[in-house]
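1. Kindly return the folded structure for what I paste below:
(12 chains)
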Protein chains: 12
Amino acid sequence: MSAPAVVTVIHGPNLNLLGTREPDVYGHATLADVDAKLQALGQERGFAVACHQRNGEGAIIDLIHAAGAGIVINPGGYTHTSVAIADALRAFGRPAVEVHLSNIYAREAIRHVSVTGAACQGVIMGLGVNSYVLGLEAVLEMIGSGAERS
Amino acid sequence: MSAPAVVTVIHGPNLNLLGTREPDVYGHATLADVDAKLQALGQERGFAVACHQRNGEGAIIDLIHAAGAGIVINPGGYTHTSVAIADALRAFGRPAVEVHLSNIYAREAIRHVSVTGAACQGVIMGLGVNSYVLGLEAVLEMIGSGAERS
Amino acid sequence: MSAPAVVTVIHGPNLNLLGTREPDVYGHATLADVDAKLQALGQERGFAVACHQRNGEGAIIDLIHAAGAGIVINPGGYTHTSVAIADALRAFGRPAVEVHLSNIYAREAIRHVSVTGAACQGVIMGLGVNSYVLGLEAVLEMIGSGAERS
Amino acid sequence: MSAPAVVTVIHGPNLNLLGTREPDVYGHATLADVDAKLQALGQERGFAVACHQRNGEGAIIDLIHAAGAGIVINPGGYTHTSVAIADALRAFGRPAVEVHLSNIYAREAIRHVSVTGAACQGVIMGLGVNSYVLGLEAVLEMIGSGAERS
Amino acid sequence: MSAPAVVTVIHGPNLNLLGTREPDVYGHATLADVDAKLQALGQERGFAVACHQRNGEGAIIDLIHAAGAGIVINPGGYTHTSVAIADALRAFGRPAVEVHLSNIYAREAIRHVSVTGAACQGVIMGLGVNSYVLGLEAVLEMIGSGAERS
Amino acid sequence: MSAPAVVTVIHGPNLNLLGTREPDVYGHATLADVDAKLQALGQERGFAVACHQRNGEGAIIDLIHAAGAGIVINPGGYTHTSVAIADALRAFGRPAVEVHLSNIYAREAIRHVSVTGAACQGVIMGLGVNSYVLGLEAVLEMIGSGAERS
Amino acid sequence: MSAPAVVTVIHGPNLNLLGTREPDVYGHATLADVDAKLQALGQERGFAVACHQRNGEGAIIDLIHAAGAGIVINPGGYTHTSVAIADALRAFGRPAVEVHLSNIYAREAIRHVSVTGAACQGVIMGLGVNSYVLGLEAVLEMIGSGAERS
Amino acid sequence: MSAPAVVTVIHGPNLNLLGTREPDVYGHATLADVDAKLQALGQERGFAVACHQRNGEGAIIDLIHAAGAGIVINPGGYTHTSVAIADALRAFGRPAVEVHLSNIYAREAIRHVSVTGAACQGVIMGLGVNSYVLGLEAVLEMIGSGAERS
Amino acid sequence: MSAPAVVTVIHGPNLNLLGTREPDVYGHATLADVDAKLQALGQERGFAVACHQRNGEGAIIDLIHAAGAGIVINPGGYTHTSVAIADALRAFGRPAVEVHLSNIYAREAIRHVSVTGAACQGVIMGLGVNSYVLGLEAVLEMIGSGAERS
Amino acid sequence: MSAPAVVTVIHGPNLNLLGTREPDVYGHATLADVDAKLQALGQERGFAVACHQRNGEGAIIDLIHAAGAGIVINPGGYTHTSVAIADALRAFGRPAVEVHLSNIYAREAIRHVSVTGAACQGVIMGLGVNSYVLGLEAVLEMIGSGAERS
Amino acid sequence: MSAPAVVTVIHGPNLNLLGTREPDVYGHATLADVDAKLQALGQERGFAVACHQRNGEGAIIDLIHAAGAGIVINPGGYTHTSVAIADALRAFGRPAVEVHLSNIYAREAIRHVSVTGAACQGVIMGLGVNSYVLGLEAVLEMIGSGAERS
Amino acid sequence: MSAPAVVTVIHGPNLNLLGTREPDVYGHATLADVDAKLQALGQERGFAVACHQRNGEGAIIDLIHAAGAGIVINPGGYTHTSVAIADALRAFGRPAVEVHLSNIYAREAIRHVSVTGAACQGVIMGLGVNSYVLGLEAVLEMIGSGAERS
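-> Numbering: from 1, shown residues only, chains lettered A, B, ... in the order given. This is a model prediction of the structure:
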């Protein structure tokens, strides 16, 4: 029996504070809550879901280089400026979806552009934790069936 | 026994051509295929899904004014400029999600901004027909259970 | 005895929702209230006042082409982008005043510019329903006495 | 018997030349004509109308600090750049309407923006001397009845 | 004997006013004059020429979807902003030429860009009614011989 | 018997390479082919057509100063920046039409603006060699009958 | 015994309203409170502190020309546009520090730039009245010991 | 015998510091030196030359309103932003030349534009005190002979 | 007896070179000198001052997450672009002051904006090491008395 | 007896048309008239004045490389874009003054900037032929006495 | 016998993927191939070449602080935004050359600017691995002979 | 025995002044020195190197049209604006490298962009005469062995 394919979930800077940081903007669920929810969904579909949080741009690039069959990524504040993360995502080649808890079009102008999202297949924003759930569904859908691929 | 709540799906300009127009960008599914898929999903969750396509900005605003418990909208080319549709969505007040077949961040600069998306709860892009499916799921999630609300 | 000259009042997109849509921004009066007030004022001055609301850009252009001795127009969200409505107003030639319920200079940057207002004699904004009343007064003042002109 | 409330009319730079300066743009009425018209209208409604003209930005700020129950202001060339006058108007708090003889949207680009108008309740432009008259009406309407308030 | 191929001529907003609206800019010929001239030229070359005028953006998109073997289009004020019409023209795929009565480069800056022209094979401007005539010639040239094609 | 009026055709920089340079963008016809076609057309209408190619901005200005009864000009890369050629065309005063083989609106942003086209009566673009043919027709139409004028 | 060196404190437009104007932005201390605090601090360090408030740009320039051994200046709304005050500060040559009660980077975009601050040694913002206190400390530090210098 | 026509020389903000302020940029001559030179030149040509220096924008506008047969003006830091001074110069109507000691094109970008210079007949810059001398010569040339005109 | 509250001082990229890097811009004091000075000041006021230098954006975010009762931060080159550090500072919630050795308004344009400063209570710049000293004073002032708080 | 120093006058593109091209903008004097006037003035002051007109950017650079003790240059349409001419003027090193017949600040926006003027000592504009005369005076003044220098 | 001077080669983010990432853009050579080539060249000239790859901005700054007698750096995606790396390079002071495998001027607009290259002596781009080779040659040339310097 | 392949070196405007013009920016070597160095290098590798200097944009285009197996070009001031030279380089097709003596990223903003460099394979800047040497090496490397190719 082979191991399930792995989808890598990458939480960018400050997401370790989830549930405590500006809850009116980002909600009350903690990162552990989110990860549990995603892993349960993955298991149900026959995938492993590996979740990581990093504050550094370079550390996020490292994670992308080492990622599995697909990526769900919330690049946080790096979304709007990081050509380097976008380059890593372009090099990744396999399915990747960018997610945001808040609707970045409804915030200040500096957050309207997504440099990194342009390097993913899709972008999902504004739906709170559900952005992650739907992002994972989209990646799984693109990968196809969940076993022995990466 | 009460009627199920209605979610309104609004397809903007040129989407009547789906499946024939630039299939390398927009895919081969027709609008009827998409609508069938969305209605099946709605039924499964206990909602009615009413689908409409309009090419005119004013006609789209009329649909928003008459919409049900939630909206899934693809404003097409109006996404990037229509303050009037954004105003209608703001006035709507209930759950609305904007969807795009293609990843607008990965296309020409004029398509990076979403004036209308800023007036929705969320935006989902780049996942082909799956953008609609996930958009409908997001709206249903926000509405909660599907009966007797609108 | 001849018919009174007609002044055409044109309400743009979403104004049919007046009184229900974001009342903290736009106030509680309905469009019917506004129209009644304007017609009473017109009658007092010997003019007929014909009021119309349209959500479509083309439909608004049609109204301008068919307008009477003067126009009071609130182009709503089309104010900031519609070269076509501005062209129609320039072709109209007779007195036209643009009105806005809210002060567009005090709102988000996309609303600071008025493409259509540049094609009118005057612009009045920020005074709620009174913007319409003063706009009608201004048009009547420009037309002169109210009988048998158009 | 108490004194009537005072509305302050502030004419900005170069308006002392009214009637002589570029009459094709600004009309032939002099500032004295305008002031007389406004004072007559005020009296009719039970208000005192105090009119002042100043060329200096600081002097205009002084007038705003000392103003009565409401302000009608034409900031002239300061309209487009003066953060300081806008700050004074925001501090004023009571009803203020900005007026312009010409339609600033129909002039050169540097005149399209109103920094000061964003700090007033409303803006009226393009109607010649009638901009002042309607501006005063709008302020009186906001103040309510004219006696014993300031 | 087969029917001739049809070329669709689309006149955008305000062109129904041709001959009366700002004749110093747009000339004295009426739309009927223009259409007659184009139909005569088509007949001479063995094509049918179907002419339509619409003020609405959606209505113009409808016409493009239903067009024949080629399109001559003057999108009027929509030229400079309509991504939706440009999308329709891109979906059309067959020969299309945009025409303007006036030279848009010689007018105000807002008219220098053509969003819709980028989606046509060619653009012809500034030659009055002759812009239409040459536009039709260009489309016919691209279609080749005129019979039995659409 | 008098000499025919002369129309001057001016080919700008790099057009001497026509037929060899990026044929997928500019086509396979050579400059000699184009000139022959234009001269045949001119002769048919009773005009002389004098064709010149220059790579230098100053040399093109010299040709404009010496031009005949009308000008057909393709300023190539100078189109987008040359105030000096535009000044020469404005000084010329008689009919001038700018032509481009490719559709400059459909190319990179730096090519969307035409500084020189603003100084001509009309601009024709995107129709390959036919842009020249229609441009010459437009100039001849403006000149009227072809004899003894310049 | 010689007189102490004088530091000049310059309060710009609208600061005479301190304590009453938008106290949620600017706090409840009055200008007299601020001046007393600064003078006490100066005395403690052996300096005289001369405080002035002006609403006019020219009057502020006059104060800079007449200033003592150092300047603490809050140019208010002139901060963002006044080349003339910046020129005066550059001509002053001795220590000058610009202060702001609020954090100008955290307000609307027009307030992010400081034309005048570029002509001072330092800028302190966002600390309420303490911005003044620290600004004075910074100037005193730069002057060195407080006696007989200007 | 009649009095000579008067030319008004207006020195803007900070020019009272001439000779002491940044002498490497502005030179060592004092304002009194400049004025003496200009008055000598005027006398030689039969004109009176009245010289004034003001730091305030409003005070400069007052001087323009009261000026004689012509104006030589150095608006200093107001050059780049003052619509109000430009309006005053446009209202003046008679010959006016703007002068600058330094070459504003060779300084920082904020100084490249002259809002006020656009309202004068001419602008002379970069020649130190000679800018004033040539500016006066230009004004005298435009006035013609120097007696009895204003 | 309880431990004193801790204020965290964060030196961003390249500040480890202080005293050797471009001393004409940044001065001759080393980072150790600065830290000693701040710790002495803290001790005097009853606070502990913990000083850290990091070159990485992620490492700086980690420090902010772990910071004490207040923060003094010099984000160096990240000041102008880091949305991620700004987000961390917003999440921090307690008093934070940004400091810069040099006056960023007086340097090249790319350094005029402070993305991170907008997320602090205050910003102090241009005063060399004294910027840090005053920044610490400001933070202590906001915290209040120094014991047992974090 | 030595030869007089030579001042080089350079007329840029289209100035050979002076007196015939748009005389309402540029006046009725021909280039020969201008040159005669300048040579007379030079002779009077003991200088030779050599005048040249060129339409090409490279030819103008050649003239600058070969110029005498000073330059008076009107770069025409190259003023606003030519880095190459500006580089030549910077390399020249001796006195150079740029002149314009019209006031470039009062024309369309593309003409407000002078790339070449930034490389001269001074710029004189808007005074018609007198711009040249004053420009020559300014150059002579900078050279000093006119003999044996170049 | 002394050790050879060391030149530090710094490969920025994603360059560890060289040879596998988008080989049509970046070529098929691996990073090990590149490093071997550079070390061979160094050895031949009497230098040691130390090669490092880092994905993090802070880690790259650390390498610059610790670098030897010269630097060859490819900052990858940080090229276009990193003020912090540019600051480190400015502090480095010794010879540094920035290299890029691809021609950044020929890619998307966000890659045209080099913030970091402005802080190096030179920039070499577009020549594939040869950009590194020539970059090393340039650094060696600037260092001079290769022994005992750092 | 066949003739060696020719590489064409093109020096743009003002480079004939090399060694005398702003030597602190461009160095003391003359153009003859540079050409000798390049020809020696070419000979060593079996290539002929033909060097040309031109001040005119058209003349440079002529040289590109006539160039040999490869081009080394320094377009000087035309670098930043010449679409026409870029078009010529695109048409050339064979190896071309743009070189600059100075680092254009470290100079004023107008020099940061290279319109022409985008049409070459590579760009080398900032290394003085060595930029040319390395540019020639890069071209030779791309051509391969040096005989009988063009």
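
2. A:S114 is in contact with A:Y105, isn't it?
-> No. Taking contacts as Cβ atoms under 8 Å, A:S114 lies outside contact range of A:Y105: 9.9 Å. The way it works is simple: take the backbone N, C-alpha and C, and place the C-beta from them, glycine included.

3. Quick check, pLDDT for A:G126.
-> Turning to A:G126, the model gives it a pLDDT of 97.

4. phi, psi of it?
-> A:G126 adopts backbone torsions of phi 90, psi 0, taken as degrees, to the nearest 10.

5. Would you agree it is in contact with A:N103?
-> Yes. With contact defined as Cβ under 8 Å, A:G126 counts as touching A:N103 (3.1 Å).

6. Under the pLDDT cut-off, which ranges of chain A? List them.
-> Counting by pLDDT under 70, chain A shows low-confidence ranges at A:1, A:25, A:145-150.

7. got the residues of it near chain K?
-> Proximity of chain A to chain K is assessed by Cβ under 8 Å from any Cβ of the partner chain, with A:56-59, A:61-62, A:65, A:81-88, A:90-91, A:115 identified as the residues in range.

8. where does the closest residue to chain C within chain A sit relative to I:A119, distance-wise?
-> Using Cβ to the nearest Cβ, A:A109 is the residue of chain A that sits closest to chain C, at 8.5 Å. Using Cβ to Cβ, to the nearest Å, A:A109 is found at 16 Å from I:A119.

9. what do A:G126 and A:N103 both touch?
-> Listed as contacting both A:G126 and A:N103 by Cβ atoms under 8 Å, 6 or more residues apart in numbering or on different chains are B:120-123.

10. returning to that earlier point: and the residue of chain A closest to chain C, how many residues sit next to it?
-> By the measure other Cβ atoms under 10 Å in any protein chain shown, the count of residues near A:A109 is 12.

11. just A:G68 next, same as before
-> Considering only other Cβ under 10 Å, A:G68 is surrounded by 18 other residues.

12. so where do the helices sit in chain A?
-> The residue ranges that make up the helices of chain A, judged by DSSP state H, are A:23-26, A:31-45, A:57-65, A:83-92, A:129-143.

13. could I have the fourth one exported to CSV, CA atoms only?
-> In CSV, the C-alpha atoms belonging to helix A:83-92 read as follows (Å, rounded to 0.1, in the frame of the first residue of the first chain):
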residue,chain,number,x,y,z
VAL,A,83,8.8,38.6,-6.9
ALA,A,84,10.9,35.9,-5.3
ILE,A,85,8.0,33.9,-3.9
ALA,A,86,6.2,34.3,-7.3
ASP,A,87,9.3,33.0,-9.0
ALA,A,88,9.3,30.0,-6.7
LEU,A,89,5.7,29.3,-7.4
ARG,A,90,6.3,29.5,-11.2
ALA,A,91,9.2,27.0,-10.8
PHE,A,92,6.9,24.7,-8.8
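
14. Can you check what angle separates it from helix A:57-65?
-> Taking axes from the mean of the first three to the mean of the last three Cα atoms, to 10 degrees, helix A:83-92 and helix A:57-65 form an angle of 10 degrees between their directions.

15. thinking again about what came up before, of the helices of chain A, give the one that comes closest to H:G46.
-> Judged by Cβ to Cβ, the one of the helices of chain A that comes nearest to H:G46 is helix A:83-92, at 68.8 Å.

16. do stretch A:121-138 and chain I meet?
-> No. Using Cβ under 8 Å from any Cβ, stretch A:121-138 never reaches chain I; the gap is at least 15.3 Å.

17. Distance across that stretch, terminal residue to terminal residue?
-> As for stretch A:121-138, its first-to-last residue distance stands at 10 Å under the measure Cα to Cα, to the nearest Å.

18. Enumerate the residues of chain A near chain B.
-> Residues of chain A lying near chain B by Cβ under 8 Å from any Cβ: A:97, A:103, A:105-106, A:112-114, A:117-127, A:130-131, A:134, A:137-138, A:141-142.

19. Right, and chain L sits closest to which residue of chain A?
-> For chain A and chain L, the shortest gap (Cβ to the nearest Cβ) falls at A:V83, measuring 16.6 Å.

20. excluding its backbone neighbours, what's nearest that residue?
-> Spatially, and ignoring its direct neighbours in sequence, A:V83 is nearest to K:G77 (3.5 Å; Cβ to Cβ, 6 or more residues apart in numbering or on different chains).

21. Quick check, the one you found in contact with K:N14.
-> Yes. Here K:G77 reaches K:N14: they are 7.1 Å apart, a contact under Cβ under 8 Å.

22. and the two most separated of the shared contacts of A:G126 and A:N103?
-> Between all members of the shared contacts of A:G126 and A:N103, the longest pairwise span (Cβ to Cβ) is found for B:Q121 and B:V123 and amounts to 8.8 Å.

23. Are there residues contacting both of those two? Which ones?
-> In terms of Cβ under 8 Å, 6+ apart, B:Q121 and B:V123 are both contacted by the residues A:103, A:126, B:97.

24. Closest one of the residues you listed to chain E?
-> Relative to chain E, and with distances defined as Cβ to the nearest Cβ, the nearest of the shared contacts of B:Q121 and B:V123 is B:V97, at 20.3 Å.

25. ok, that closest one - contacts?
-> A:126-127, B:70-73, B:120-124, B:135-136, B:138-139.

26. what's A:G27 sitting at in phi/psi?
-> Torsion angles at A:G27 (phi, psi; degrees, to the nearest 10) stand at phi 90, psi 180.

27. That one contacts A:G126, correct?
-> No. With contact defined as Cβ under 8 Å, A:G27 and A:G126 do not form a contacting pair (11.6 Å).

28. Out of the two, name the residue with the larger neighbour count.
-> When A:G27 is set against A:G126 and neighbours are counted by other Cβ under 10 Å, the residue ahead is A:G126, at 25 against 17.

29. ok, now which ones touch the more buried one?
-> The contact partners of A:G126, by Cβ under 8 Å, 6+ apart, come to A:100-106, B:97, B:120-123.

30. Okay, and which of these map to strands?
-> In this view, the contacts of A:G126 that belong to strands under DSSP state E are A:100, B:97, B:122-123.

31. Format the contacts of A:G126 as a markdown table; extra columns: distance to C:V34.
-> Compiled in a markdown table, the contacts of A:G126 are given as follows (distance: Cβ to Cβ, whole Å):
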| residue | distance to C:V34 |
| --- | --- |
| A:H100 | 40 |
| A:L101 | 41 |
| A:S102 | 37 |
| A:N103 | 33 |
| A:I104 | 37 |
| A:Y105 | 32 |
| A:A106 | 30 |
| B:V97 | 33 |
| B:C120 | 29 |
| B:Q121 | 31 |
| B:G122 | 35 |
| B:V123 | 34 |
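
32. in the sheet, who's paired with the residue nearest the centre of chain A?
-> Centroid-nearest residue in chain A, with Cα atoms, centre = their mean: A:I73, separated by 2.0 Å. Counting by DSSP bridges, A:I73 is bridged to A:I10, A:E98.
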